[in-house]
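Participant: fold the following for me, if possible:
(chains A, B, C, D and E, ligands or ions: 4)
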Amino acid sequence: MINSDLQALITTLEMATLTTIILLIIGTPLAWYLAKMTSRFKVIIEAVVALPLVLPPTVLGFYLLIAFSPEHLPGKLWQQATGQQLAFSFSAIVIGSVLYSLPFVVQPLQKAFEQLGDTLLEAGALLGAGPIDRFFSIVLPLTKASFITAASLGFAHTVGEFGVILMIGGNIPGETRVLSIALFDHVEAFDYARAHLLSICLLLGSMVLLAAIYWLNLPKINKAKGLSSQANRKEGNPDD
Amino acid sequence: MINSDLQALITTLEMATLTTIILLIIGTPLAWYLAKMTSRFKVIIEAVVALPLVLPPTVLGFYLLIAFSPEHLPGKLWQQATGQQLAFSFSAIVIGSVLYSLPFVVQPLQKAFEQLGDTLLEAGALLGAGPIDRFFSIVLPLTKASFITAASLGFAHTVGEFGVILMIGGNIPGETRVLSIALFDHVEAFDYARAHLLSICLLLGSMVLLAAIYWLNLPKINKAKGLSSQANRKEGNPDD
Amino acid sequence: MTDTLLNKTPQLDLNITISYQQFDLAIVLPIPLKGITGVFGHSASGKSTLLRAISGLETPLKGDITLAGKSLVNTEKNIYLKPENRQVGLVFQNSRLFPHLTVLGNLEYAVKRCKNRQLSFDKVVELTELTPLLSHQVRELSGGQQQRVALARAILAEPKLLLLDEPLSALDQHSKTKLLKMMLNIQKQLDLPMLYVSHSLDELQQVCDTLLVLEKGEVLNFGNIHQVIHQLNNYGDNAIIHQQTSLDLPIKTFDNGHGLTALALNAQQDIFLLSDKAFEQQNQLRCFILASDISITLTEPVSSSIVNHLFGVIKQIDNQENNVLLTVHCGSQDFFVTISAFSQQKLSLTIRQQVYLQFKAGAVRTFIH
Amino acid sequence: MTDTLLNKTPQLDLNITISYQQFDLAIVLPIPLKGITGVFGHSASGKSTLLRAISGLETPLKGDITLAGKSLVNTEKNIYLKPENRQVGLVFQNSRLFPHLTVLGNLEYAVKRCKNRQLSFDKVVELTELTPLLSHQVRELSGGQQQRVALARAILAEPKLLLLDEPLSALDQHSKTKLLKMMLNIQKQLDLPMLYVSHSLDELQQVCDTLLVLEKGEVLNFGNIHQVIHQLNNYGDNAIIHQQTSLDLPIKTFDNGHGLTALALNAQQDIFLLSDKAFEQQNQLRCFILASDISITLTEPVSSSIVNHLFGVIKQIDNQENNVLLTVHCGSQDFFVTISAFSQQKLSLTIRQQVYLQFKAGAVRTFIH
Amino acid sequence: SQAKEINVNESNSDDNSKPLRIAVAANFSPVLKVLLTDFRNKTGINSQIISGASGAMFLQIKHGAPYDIFLSADRLRPTQLEQAGYAIKNSRKTYAIGQLAFYSSSKSLHSTEQLSIAQLSNSLLNNPPKRFAIANPDIAPYGKAAKEALSHLGLWQSYKTRLIKGINIGQTFTQIRTKAVTNGLVAYSQLVLNNLPGLLIPSSYHQPIEQQLIIIRTSKRQEAAQQFSDFLLSAQSQATIVSYGYAKINRTNG
Ligand SMILES: Nc1ncnc2c1ncn2[C@@H]1O[C@H](COP(=O)(O)OP(=O)(O)OP(=O)(O)O)[C@@H](O)[C@H]1O
Ligand SMILES: Nc1ncnc2c1ncn2[C@@H]1O[C@H](COP(=O)(O)OP(=O)(O)OP(=O)(O)O)[C@@H](O)[C@H]1O
Ligand SMILES: [Mg+2]
Ligand SMILES: [Mg+2]
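Facilitator: Ligands and ions are numbered 1, 2, ... in the order given. Below you'll find the predicted structure:
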């Protein structure tokens, strides 16, 4: 039975990793577009992106379930395209997570892009760097910290997600049964010992993971001279 | 019965507003401290702050319930201090929400503070502005956008929260019964018409609120000359 | 030897207007893409705005810009070439180095995106004296060091046109001289035209062929640098420059045996200045003589340390408060001399009078020495 | 008239070391808090680092700094006064304006936090010519405009000590002159001591009483500005300045009737320069004469436009390549003259020889005119 | 609706490669786990437990959840599913009848087992606790029963405002178990399962808490599902179920 928790862990990692990748792929251009957009529609798009936050996950799950069911258009289209039912599949929980976690990725990135300003991008352009090149050579390294924040918020939120996944995934072992549901089941089944154990593993595991991520991010800190730095750390040539 | 939804709405707004205020009060110094901290412990504190993200809300609720019960230390202390039981009180759901939403406030602020750099703070200090003064006269206006993001993420996440509040709040009308729970109840009780209605109200209301917030934030956008701006908007003297 | 080759050097054709609340730039001008063109003018006269427009950063612009026959912008035809496709380099007034890269990283950024690679990386780094700084973070650099990195970075990108916005303002005399020399060399080596904004006419006089003077967003003057400077001499009481004679003369003898170099002013007359190693490689020397450094005598002076004595005729006399600006014609060259009104009266100078100009070898200034 | 008052002006006592990977600053120096002290030196010689240290921004510092008897830092005693409590102002090399405020907002930022308020806001705004820019966003400003705002902002904070890091580098000659005058006035009005970093010795000569010359993080020279400049004249072949005679003389007659002002060099000898309205309000005038602007004659010259003729004795002869630097003693004042080696031979000048110095009225330079 | 038609032609053939998916109301899943070992030994059929809230599973089945058999915590949802055509005809069966119990985590009421129901109602009437936990009567069958029981005892009016309403009976049990609230009505089976003392509420105080099952129409393992249904209703299984705190099923109302 510990085996089943392991299976849930694997499913969870697969789901969260895939979700995070998709979130970054979708969220980055969206955040960029929002950061640079000047139209009045901007606020509306921003509000729509933030909406999943407001609905209780179970309710969001309820509506997604309706949408994903083969009787309704999105579910029907998916079934026609892939030959598979969307609801209660691994794809469904990934799509649900993406929608649910989108604001956590888009908003930090958008703010980072806005704060970056144009001066360095102008400098890059005049050295011959096109938009994509500028993004990878200037924007990405300078907003690395925000990307890590966005990715870790998105990942963690997906791991901890429960209501949406339960509703549209259906708790099917090996496919849509993730750790958060397993943990919930243990509590529901009064199996507190296992619930505690799993919680502690989850906490420690996440803590190690998060610490590792933030660690990666550490060298960028405190590079500025001045007020805040008690002692300037010196490093050879960390960027090479 | 519509009356009960209205009551839930009021409770929700009270809770979310109070939570957001507390989050900003706690989150801002924490984010500042993390942004300026150079110690190796930083990553650990960052990971701890991010932890509520990883635990499924019901499980977090389960542990909070244990902590808040009058039998255990936090709950006992609270009872001694206030004469009131903590679990199943309005205070409990506010505390729970604060813990649950903390990372959504701390992380965007921390990144904003990190990206701000020291140059302008140095300039402020040499004009005689102390740390608090600098915060309000330089940091706050320059990171306004991130504060709005942080506050709206925190607020929205609190409104949409469900698992934690249900567990530690106990669904008491007028005290801990919030909109997300009411909505869930309608779905469970096959009262789909009301569920849909409430969802739509919630969505539209949030959308208007979010749009209004982002609108407030709009004038700061696109002030930089250059690459991204198609046309520079000119304004008289918006800062006075 | 085709027609077009004979016809004209390629040009940067400007026909633009930019409007801000309190400032309008309106420039219609063909700038020959040859050598270095100086851009001079008071603060806020529109120099940076012009460079930003050419490089494609100033978007609310109307009109058209054509670079060597290629249209960069044409708002009528709705052409707008993106900055990154213009092959125009710009050294910003504030250096704009990439803070996430080291000095080396900043330079490599340019090299990686450079299409020609005719320049030697090591050579440029050596000339800008950046070798010991390569591994430094840019935030550790002093103001002058930052400017040197920005300059080296722009040069290493080897653009088709290089725009320089006060690139040497934070540097001391010694570094300025060195870098100006380098820029001249690179200009010739790559045949890379440059637009050079500076508040120092001395710098411009030494390196520019053409000078553009802006005032309140409009062209005040444009043309051959010597002519423009001479015209600015007569700009009136609110002198915007130190009045001076600007010269570009062939070197006749590098060293006359006494440490003086002789420049051929005309068939009869020479100008002497102190020799410098750097002159050896040159045929031509650019120099200027401040109007206040030249004095007038009526008789040829003797037993004086002053080595330059030129015979000329007063062509024009302009009274400027307590000063008098004389234009003296020597051979084919006009010289500008300011003397006190007192001296003018004492010597009772009049137009068409014959006088001797005298000035010291040291008064013949070359910035690059 | 107490002992301490008589004894000495307040001082800024520096005894600091700062170590970076490739750079060490080590300065032990008492700087009198009187007038303006110039800080001069090559790029990367540590000028900005020094100012940052004094203002409290350079934290990895060892040693102690005392400002008018008050300890700002003392690493031994573990004293570290925060920047905001030092009442030290700093105009940064890059302006560092607050981008979220307008020009007015930036200025008000300083005024609100100022404790004294002796200066008139309107006056400072007018002198820095910022009146039409008050409502502008700072990102709309030109480089020079930004510098003016930064300067006005720092002045309006009315600190106890003002540090200026190349505050005028992006400005044209006209604005520079105006602002230097303003700084002098404010210095006197508030009795506000300043440290002024610049690459332009001309600027420094005009406004500074004391000069500090840095080289590679160490004090190369420090003292009375005229003395230091004269010592730098003899610095060797790698001249770091234009050799010159630096003077500060009483005005004898404002206008001799011919548009010339006479300065009393000593009881017998005067120096003449072109009159300027601005001289009227002054008793004393600071000026310099470039060594290359003075020429030597053996006989008193006649019928020349040159108005200044001084009789003196050659005190020292230094050969510098093709140049010769002469130190000529006239009355009590040393004058520095560079002539070509050629001329020296021609005139066969030797030590203790009596000669006439001649230079034009226009060669007596005051930056502020 | 259209859902009935989907996969209908494949519905008869068992696909043995997949385990039998049993969707079960969370409160019954511990008992089910015990029974399943027996089931596998007897039939060799592999099965999977998917436990959850009946309400959610009801919705999921309506939207095509790939379950074979649904063990609900109530009677309402299976009935509705049957009416809407999601169940195999006549597959709806009552497999267990829940019992309500009074449960207190406080020491004073620790020996509730010895307490008579009359004594309890007296003490509850005279000393109403500040908070009292039951499952939500609007959505949970045990909640509905609890409401009926409280009404029966004449406590409903005074208790209405003190109730902590759990989303389901599991949450109510957790809330008392963690001592966040002292008293409440839980499922008797929960107490038996966790070896805790409590006082059984007579089943006459409330409508029976019938827990029913249905076999899902779209199931590809209808045979195995039927086998499982039969197994669950067998006398031996029923005895086990009753031993875990459920009431005996009166077979007259099939
Ligand atoms: N985006 C803008 N919005 C409004 N005004 C602007 C903007 N950009 C420039 N200006 C105005 O245009 C004028 C010219 O600016 P510009 O930067 O071209 O001057 P400049 O000649 O480079 O001066 P400096 O030598 O001081 O750098 C200034 O008055 C400036 O305020
Ligand atoms: N934080 C730092 N880390 C490492 N080196 C530094 C740091 N700050 C300054 N330096 C070095 O100290 C030296 C002096 O710098 P500083 O900025 O004081 O020069 P400066 O005299 O102001 O020069 P400039 O006239 O070019 O502005 C430079 O070589 C610089 O690279
Ligand atoms: Mg400019
Ligand atoms: Mg500096």
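
Participant: ok, now how distant is the residue of chain A found nearest ligand 1 from chain E?
Facilitator: In chain A, the residue that lies nearest ligand 1 is residue A:118 (11.6 Å; C-beta to the nearest ligand atom). Heads up, the C-betas are built off the backbone N, CA and C, glycines and all. Per C-beta to the nearest C-beta, to the nearest Å, residue A:118 is found 48 Å from chain E.

Participant: what pLDDT does that residue get?
Facilitator: pLDDT, residue A:118: 88.

Participant: that one: how many residues sit nearby?
Facilitator: Using other C-beta atoms under 10 Å in any protein chain shown, residue A:118 has 19 other residues around it.

Participant: can you show me the strands along the stretch 51-200 of chain C?
Facilitator: For the stretch 51-200 of chain C, the strands defined by DSSP state E, counting those that start in this stretch cover C:61-67, C:70-74, C:79-80, C:88-91, C:161-165, C:194-197.

Participant: which of those is buried the deepest?
Facilitator: Most buried of those, by mean neighbour count (mean count of other C-beta atoms under 10 Å in any protein chain shown): strand C:88-91, with a mean of 27.

Participant: so does that strand get close to chain B?
Facilitator: No: shown here: strand C:88-91 not in contact with chain B (C-beta under 8 Å from any C-beta of the partner chain), separated by at least 11.8 Å.

Participant: do that strand and ligand 1 meet?
Facilitator: No: using C-beta under 6 Å from any ligand atom, strand C:88-91 stays clear of ligand 1, coming no nearer than 12.4 Å.

Participant: does that strand come close to chain D?
Facilitator: No: using C-beta under 8 Å from any C-beta, strand C:88-91 stays clear of chain D, with a minimum separation of 12.6 Å.

Participant: note down every partner strand of that strand and its orientation.
Facilitator: If you go by DSSP bridges, strand C:88-91 pairs up with strand C:161-165 (parallel).

Participant: pull the number of nearby residues for the closest residue to residue C:168 other than its chain neighbours.
Facilitator: Nearest residue to residue C:168, sequence neighbours excluded (C-beta to C-beta, 6 or more residues apart in numbering or on different chains): residue C:176, at 4.9 Å. If you count neighbours by other C-beta under 10 Å, residue C:176 ends up with 24.

Participant: what's the distance between residue C:176 and residue B:122?
Facilitator: With the distance defined as C-beta to C-beta, to the nearest Å, residue C:176 ends up 28 Å from residue B:122.

Participant: what of residue C:130?
Facilitator: 26 Å.

Participant: what is the distance between stretch A:166-180 and the centre of its chain?
Facilitator: Taking the mean of its C-alpha atoms, stretch A:166-180 sits 18 Å from the chain's own mean (C-alpha atoms, centre = their mean, to the nearest Å).

Participant: distance between the ends of that stretch?
Facilitator: Stretch A:166-180 has an end-to-end distance of 9 Å (C-alpha to C-alpha, to the nearest Å).

Participant: ok, that stretch near chain B or not?
Facilitator: Yes: for stretch A:166-180, a contact with chain B is found by C-beta under 8 Å from any C-beta, at residue A:180.

Participant: buried set for that stretch?
Facilitator: Residues of stretch A:166-180 classed as buried by neighbour count (16 or more other C-beta atoms under 10 Å in any protein chain shown): A:166-173, A:175-180.

Participant: that older thread, and of the strands of the stretch 51-200 of chain C, who's closest to ligand 3?
Facilitator: strand C:161-165 (5.9 Å; C-beta to the ion).

Participant: okay, angle between that closest one and strand C:61-67 too, please.
Facilitator: Regarding strand C:161-165 and strand C:61-67, their directions subtend 130 degrees when assessed with axes from the mean of the first three to the mean of the last three C-alpha atoms, to 10 degrees.

Participant: what's in contact with strand C:161-165?
Facilitator: Strand C:161-165 is contacted from outside by C:12, C:33, C:47-48, C:51, C:54-55, C:67, C:87-93, C:151, C:154-155, C:183, C:192-197, D:143, using C-beta atoms under 8 Å, 6 or more residues apart in numbering or on different chains.

Participant: quick one, helices of the stretch 1-150 of chain C?
Facilitator: C:3-7, C:47-55, C:103-112, C:121-127, C:143-156 (DSSP state H, counting those that start in this stretch).

Participant: spell out which parts of chain A neighbour chain E.
Facilitator: So chain A meets chain E at A:58, A:62, A:65-66, A:68-71, A:85, A:87-88, A:166-167, A:170-173, A:177, A:185, A:187-190 (C-beta under 8 Å from any C-beta).

Participant: backbone torsions only: list them for the residue of chain A closest to ligand 1.
Facilitator: When read as degrees, to the nearest 10, the backbone of residue A:118 gives phi -100, psi -10.

Participant: from residue D:132, how far off is it?
Facilitator: For residue A:118 relative to residue D:132 (C-beta to C-beta), the value is 26 Å.

Participant: how many other residues sit next to the closest residue to chain A within the stretch 101-250 of chain E?
Facilitator: Relative to chain A, the nearest point of the stretch 101-250 of chain E is residue E:170 (4.5 Å; C-beta to the nearest C-beta). Residue E:170 is flanked by 28 other residues according to other C-beta under 10 Å.

Participant: repeat that for residue A:125.
Facilitator: 27.

Participant: pretty sure residue C:358 is touching residue C:312, no?
Facilitator: No: in terms of C-beta atoms under 8 Å, residue C:358 does not count as a neighbour of residue C:312; the distance is 11.1 Å.

Participant: so the two - more neighbours on which side?
Facilitator: Looking at residue C:358 and residue C:312 with other C-beta under 10 Å, you find the greater number of neighbours at residue C:358, namely 26 against 22.

Participant: can you pull out the low-pLDDT segments for chain A?
Facilitator: Applying pLDDT under 70 to chain A flags the ranges A:1-2, A:217-240.

Participant: for residue C:193, give me its contacts.
Facilitator: Contacts of residue C:193 (C-beta under 8 Å, 6+ apart): C:12, C:33-37, C:160-162, C:187.

Participant: could those residues go into TSV alongside pLDDT?
Facilitator: Listed next are these as TSV, based on pLDDT from 0 to 100:
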residue	pLDDT
C:12	94
C:33	92
C:34	89
C:35	90
C:36	94
C:37	96
C:160	92
C:161	94
C:162	95
C:187	89
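
Participant: and which of these is nearest to residue D:217?
Facilitator: Nearest to residue D:217 among these is residue C:162, at 33.8 Å by C-beta to C-beta.

Participant: my guess is residue C:315 contacts residue C:325, does it?
Facilitator: No: counting by C-beta under 8 Å, residue C:315 stays clear of residue C:325, with 11.2 Å between them.
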